[in-house]
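J.: Pasting the sequence and the predicted coordinates here, then a few questions.
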Amino acid sequence: MTDPRTASPAAPAAPAFLALHALRLRGTVQPELAAEIAGLEAAEAEQLLRAAEAAGHVSFHEGRRGGFRLTDAGREQYAVLLAADTAGAEATAALEAAYEAFLPANVRLKEVTTAWQMRDGAPNDHTDAAYDAGVIDDLAALDADVQGPLRDGAAGCPRLGTYAERLAAVLGRLRGGDIAAFARPLANSYHDIWMELHQDLLLSLGRERSAADGH
């Protein structure tokens, strides 16, 4: 099997696939978030989603948490596109390496997240800057363990590089004092992006979640 670190860079995934991929990972998604997940410009993501809507592959839902979501036909189309995107040996090798690095880090993330949310049996009120900084350092340490496989893996599966960049960026937000950037749901937090990565690896490798995957 080809080593993704030495293989020629893979061609970027088709933007139409990446737009549907964002919806498959996050459910109901606004174009701006779909663009970030897919590594596209917001206008391009919206154009692609509107085209997919016209084809019957997505539908738009109004409301406070509205947005685009896959239809049944869209899920079928997505499965075809995903199979094509992950068919090569280089992509498989990159995804496998990323998954192997992800699993032990995922166990540690659960522990670090608990330390961030709770302290001495009570909710962490984030008034102790030194304590929070220590937890963020722990998060940065586990992040470092997955950054290499993600960045190396981008040669075989380019979207792995997008995860590396997004995780690094949100860690920077956290270090800058944005406490929501750690684990607040639906805040594009580190935990949100981490869960996207987990789901992506499972989908791309055709695996079911098991005890080894943790949460």
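T.: Structure received.

J.: quick one: residue 133 from residue 119, how far?
T.: The gap separating residue 133 from residue 119 is 13 Å, by CB to CB, to the nearest Å. Any C-beta I mention is one placed from the backbone N, CA and C, and that applies to glycine too.

J.: These two: who's more crowded?
T.: residue 119 (16 against 11; other CB atoms under 10 Å).

J.: Just give me the neighbour total for the residue nearest to that one when sequence neighbours are not counted.
T.: Ranked by CB to CB, 6 or more residues apart in numbering and with sequence neighbours excluded, the top spatial neighbour of residue 119 is residue 131, at 6.7 Å. Neighbours of residue 131 under the rule other CB under 10 Å: 14.

J.: what about residue 131, distance to residue 174?
T.: Going from residue 131 to residue 174 by CB to CB gives 14 Å.

J.: same check, this time on residue 192
T.: Per CB to CB, residue 192 is found 13 Å from residue 174.

J.: Kindly report the same for residue 37.
T.: Between residue 37 and residue 174 the distance, using CB to CB, works out to 19 Å.

J.: who has more neighbours, those two?
T.: Between residue 37 and residue 174, counting by other CB under 10 Å, residue 37 is the more crowded of the two (26 against 22).

J.: Can you name the helix or strand that the more buried one falls in?
T.: Following DSSP states H and E, one finds residue 37 within helix 31-38.

J.: Buried ones in that helix, by neighbour count?
T.: When burial is assessed from 16 or more other CB atoms under 10 Å, helix 31-38 yields the following buried residues: 31, 33-38.

J.: Could you do stretch 43-52 as well?
T.: With the criterion 16+ other CB under 10 Å, stretch 43-52 contains buried residues 44-46, 48-49, 52.

J.: which residue ranges form the helices in the chain?
T.: For the chain, the helices defined by DSSP state H cover 15-26, 31-38, 42-54, 72-85, 89-117, 129-153, 159-175, 180-183, 190-205.

J.: Would you format the ones you listed as a markdown table with distance to residue 123 included?
T.: Written out in a markdown table, the entries for the helices of the chain read as follows (distance: least, CB to CB, whole Å):
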| stretch | distance to residue 123 |
| --- | --- |
| helix 15-26 | 27 |
| helix 31-38 | 28 |
| helix 42-54 | 36 |
| helix 72-85 | 39 |
| helix 89-117 | 7 |
| helix 129-153 | 13 |
| helix 159-175 | 18 |
| helix 180-183 | 13 |
| helix 190-205 | 16 |
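
J.: Mind checking those for the one nearest to residue 66?
T.: Nearest to residue 66, of all the helices of the chain, is helix 31-38, at 11.6 Å by CB to CB.

J.: tell me the angle the closest one makes with helix 159-175.
T.: Counting by axes from the mean of the first three to the mean of the last three CA atoms, to 10 degrees, helix 31-38 lies at 120 degrees to helix 159-175.

J.: got a list of contacts for helix 31-38?
T.: Applying CB atoms under 8 Å, 6 or more residues apart in numbering, the contact partners of helix 31-38 are 15, 18-19, 21-23, 25-26, 29, 40-42, 44-46, 49, 67-68, 162, 166, 188, 196.

J.: what does stretch 175-186 give?
T.: Surrounding stretch 175-186, the residues in contact under the criterion CB under 8 Å, 6+ apart are 65, 113, 116-117, 126, 132, 136, 139, 170-171, 173-174, 187-192.

J.: thinking again about what came up before, among the contacts of helix 31-38, name the buried ones.
T.: By neighbour count, with 16+ other CB under 10 Å, those hold 15, 18-19, 21-23, 25-26, 29, 40, 44-46, 49, 67-68, 162, 166, 188, 196 as buried.
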